[in-house]
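Novice: Following is a predicted model, sequence given first.
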Amino acid sequence: MGVRSPGLLRAFAAALRGTSMALLAGLGACAVGPNFHRPPAPQAADYGSAPVKGETAASPGTGGAAQTFTPGLDIPAEWWTLFKSEKLSALVTQSLKGNPNLTAAQAALRQASDLYKAQRAGFLPVVQGSFDAQRAKNPVATLANPTTYTQVNPYYNLFTAQLSLSYAPDVFGGMRRSLEATRAGVNATRFELIATYVTLSSNVVVTAVEEASLRGQIAATERLLELEHMMTGTVERQRALGTASQLDLLAQRAAEAQTAATLPPLTKQLGQTRDALTALLGKLPSQEPPETFTLADLTLPAELPVSLPSRLIEQRPDIRQAEENLHAASAQVGVALADMLPQFAISADTGSAALAIDKLFTPYTGFWSAGASLTQTLFDAGALIYRHRAAAAALDQAAAQYRAAVILACQNVADTLKALDADADALKASADADAAAQASFELARAQFRLGTISEVALMNAEQTYRQAEIALVQAQANRYADTAGLFQALGGGWWNSSEAFLK
């Protein structure tokens, strides 16, 4: 279509040039409000009395290997493979692919990223095109007919083609601060996703360890209950022969009942643990995985990393999320301050209007307009001031929450390091007690064969051994679970992952 009104486009081009100059001026201006600076790293060189180097106690049997604390040792992305269980690694992989909480966190990150990109477009002018067609009738009994000079018929058509431009220069940086806050929000959402990833993988490992512990405890309790039942039968026979009293029989029956009462809670916990593991995989209880675990299936990692507080703040996703929240709160102070200053706007329109569509863009049908405005709030009963104060208070809150996140993270690491050191000592004591109880049982069995002790004495010795076995299983499981807890407390190695959504 030939345009014979170049003045229209020249006017619109001039408006665009003015807008571009305003855009460049706005981008070059300083943004009001505080510039964000990362909080300084903690200066602490260790975790107090928690061990950060050295070696734990060792003991024989499952989970008894000494563990070495190595400062500065990096954490592999797939740290759960250090337990050397293909079944465990397969379940962790399934959970990372099928857990709906992780899928939801990934969708939240995509949403936040797209909203950020949409907001970023606000720095550019908005150009809209429109076409309007109307059919109308003018009154005929008037002194002046608007269409008198063009037509006699009161019925007419009106066609309008128009381009409109609008732009709000970011003179004081309010939009830039708002975009800065949104970008920090995107990063916070990303670290929330990473925290979900780390927590999920750790929960799978800990749940598998709990299952293994419960299976060991149930097996030992069943053997102990079998002994109690045999002892009850022996006392009943002795009571019939008159060598045991009714009181002895009642006491033995009570002991058997007490042991039997400990088995259903363990069975219930095992069933619930299996349900929890299935849920972590993103499946219904009817889709329980075929894999089962015992402590013998797992290998205790021998070398454990220890990241000092100055490094921990880089690794923990909850600290990084708190830092981004602090960044967003800082930017919002600038937004609130910019809202108190004058607001600028530029607009321009150009187009053509004609009574016949084929007359559009012919001479004398063009129109254009360009304008700029400045708006300053003169009275709002202090609303803007209070909003600025609220933003400053939110910044103080975010700073306090960041400090709390750092303190909690250091506490988690210190608690886990102390637990691992104590777990090794507890396992050594349990292993010694188990070995002594087993030796006592073997001696009692030899004496029983020689006829020097009674059957009841033999079963009492074995009962002590089985009880020590239950305590040993619990001590072994504590070392595995707290080892997994240390990897989680140190951040889980996400920075070494090849997963794109973690980058």
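Specialist: Yes, it's here. Numbering: from 1, shown residues only.

Novice: what mean pLDDT does stretch 289-299 have?
Specialist: Stretch 289-299 carries an average pLDDT of 94.

Novice: Can you mark which positions in that stretch are buried?
Specialist: Across stretch 289-299, burial judged by 16 or more other Cβ atoms under 10 Å covers 291, 293, 295, 297, 298. Quick note: C-beta positions are derived from backbone N, CA and C, even for glycine.

Novice: quick one: contacts of that stretch?
Specialist: Residues outside stretch 289-299 that contact it (Cβ atoms under 8 Å, 6 or more residues apart in numbering) are 62-63, 82-85, 87-88, 90-91, 94, 208-209, 211-213, 215-216, 277-278, 281, 283, 473, 476-477, 480.

Novice: mind running it again at 6 Å?
Specialist: 62, 83, 84, 85, 87, 208, 211, 212, 215, 216, 476, 480 (Cβ atoms under 6 Å, 6 or more residues apart in numbering).

Novice: just stretch 438-456 next, same as before
Specialist: Against stretch 438-456 from outside (Cβ under 6 Å, 6+ apart): 234, 458, 461, 462, 465.

Novice: Show the buried residues in the contacts of stretch 289-299.
Specialist: 62, 83, 85, 208, 211, 212, 215, 216, 476, 480.

Novice: Looks to me like residue 136 is in a strand.
Specialist: Yes. Per DSSP: H, G, I helix; E, B strand; the rest coil, residue 136 lies within a strand segment.

Novice: quick one: pLDDT of it?
Specialist: pLDDT, residue 136: 87.

Novice: Which residue is the nearest non-sequential neighbour of it?
Specialist: Excluding its sequence neighbours, the residue lying closest to residue 136 (Cβ to Cβ, 6 or more residues apart in numbering) is residue 156, at 6.1 Å.

Novice: Quick one: residues in contact with the helix or strand containing the one you found.
Specialist: Secondary structure from DSSP states H and E places residue 156 in strand 155-167. Here strand 155-167 makes contact (Cβ under 6 Å, 6+ apart) with 15, 19, 125-135, 137, 147, 346-355, 357, 360.

Novice: so what strands line up beside that strand?
Specialist: If you go by DSSP bridges, strand 155-167 pairs up with strand 126-137 (antiparallel), strand 343-354 (antiparallel).

Novice: Please identify the deepest-packed of those strands.
Specialist: Per-stretch averages of neighbours, counted by mean count of other Cβ atoms under 10 Å, single out strand 343-354 among those, with a mean of 19.

Novice: Would you mind writing the CA trace of it as CSV?
Specialist: Below are the C-alpha coordinates for strand 343-354, written out as CSV (Å, rounded to 0.1, in the frame of the first residue of the first chain):
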residue,chain,number,x,y,z
GLN,A,343,7.1,9.6,37.6
PHE,A,344,7.6,10.3,33.9
ALA,A,345,5.7,9.0,30.8
ILE,A,346,6.0,9.5,27.1
SER,A,347,3.3,8.8,24.5
ALA,A,348,2.8,9.2,20.8
ASP,A,349,0.1,8.4,18.3
THR,A,350,-0.1,8.5,14.5
GLY,A,351,-2.5,7.2,12.0
SER,A,352,-5.1,8.0,9.4
ALA,A,353,-8.9,8.3,9.5
ALA,A,354,-11.3,8.4,6.5
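
Novice: Now do that strand, average pLDDT.
Specialist: On average, strand 343-354 scores 92.

Novice: thinking again about what came up before, okay if I get the contacts of stretch 438-456 as a markdown table plus distance to residue 257?
Specialist: Converted to a markdown table, the contacts of stretch 438-456 look like this (distance: Cβ to Cβ, whole Å):
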| residue | distance to residue 257 |
| --- | --- |
| 234 | 16 |
| 458 | 22 |
| 461 | 21 |
| 462 | 19 |
| 465 | 21 |
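
Novice: so, if you compare the residues you listed, which one comes nearest to residue 314?
Specialist: For the contacts of stretch 438-456, the residue nearest residue 314 by Cβ to Cβ is residue 465; the value is 49.2 Å.
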